[in-house]
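Participant: Take a look and give me a structure for this.
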Amino acid sequence: QVQLVESGGGLVQAGGSLRLSCGASGRTFSRYCMGWFRQAPGKEREFVAAISRSGDSTDYADSVKGRFTISRDNVKNTVYLQMDSLKPEDTAVYYCAADQSISRTKVVRTESYDYWGQGTQVTVSS
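Facilitator: Numbers count the residues shown, from 1 in each chain. So this is what the prediction gives:
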């Protein structure tokens, strides 16, 4: 099992930047594929980005490509989401998720992940 704790959310103006962090418990972090999802009020949870166990493969939602960057540090047991050029429509609760085995085609699905953090709020003002 792995426990996930997100941090780094907050209020930022449009065009600004935030970096989210997700710390994981345990000594097997490098065995987990990691993902970031977000959920805005009244909307379904949606995929944002994913990264492979080693960090050499990443995937992004079209809406964040070129603005967000996912990375991981397997020594620090942490996955990051650098968010630049933020827009009001990026406002949501952001969740990190983990699973030991996900095929590349399924990283966008919430049901592919067994473990979830509690979420961190990101608010972008116009």
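Participant: what about the strands in the protein?
Facilitator: With DSSP state E as the criterion, the chain has strands at 4-7, 10-13, 18-24, 33-39, 46-51, 58-60, 68-73, 78-83, 92-99, 115-116, 120-125.
Participant: tell me the angle of the third one relative to strand 78-83?
Facilitator: To tie it back to what came earlier, the one meant is strand 18-24. 160 degrees (axes from the mean of the first three to the mean of the last three C-alpha atoms, to 10 degrees).
Participant: which strands and helices sit next to strand 18-24?
Facilitator: strand 4-7, strand 33-39, strand 78-83, strand 92-99, strand 120-125 (3 or more C-beta pairs under 8 Å, 6 or more residues apart in numbering; DSSP states H and E). Where you see a C-beta, it was placed from the backbone N, CA and C, and this is true even at glycine.
Participant: List the neighbouring strands of it plus their orientation.
Facilitator: Using DSSP bridges, strand 18-24 pairs in its sheet with strand 4-7 (antiparallel), strand 78-83 (antiparallel).
Participant: Work out the gap between that strand and the centre of the chain.
Facilitator: Distance, stretch centre to chain centre, for strand 18-24: 8 Å (C-alpha atoms, centre = their mean, to the nearest Å).
Participant: Show me what that strand is in contact with.
Facilitator: 2-10, 12, 32, 34, 36, 76-83, 86, 94, 96, 98, 117, 120, 122 (C-beta atoms under 8 Å, 6 or more residues apart in numbering).
Participant: For burial, what's the neighbour tally of the spatially closest residue to residue 38 that is not a sequence neighbour?
Facilitator: The spatially closest residue to residue 38, leaving aside those adjacent along the chain, is residue 92, at 3.8 Å (C-beta to C-beta, 6 or more residues apart in numbering). The burial count assigned to residue 92 is 22, neighbours taken as other C-beta atoms under 10 Å.
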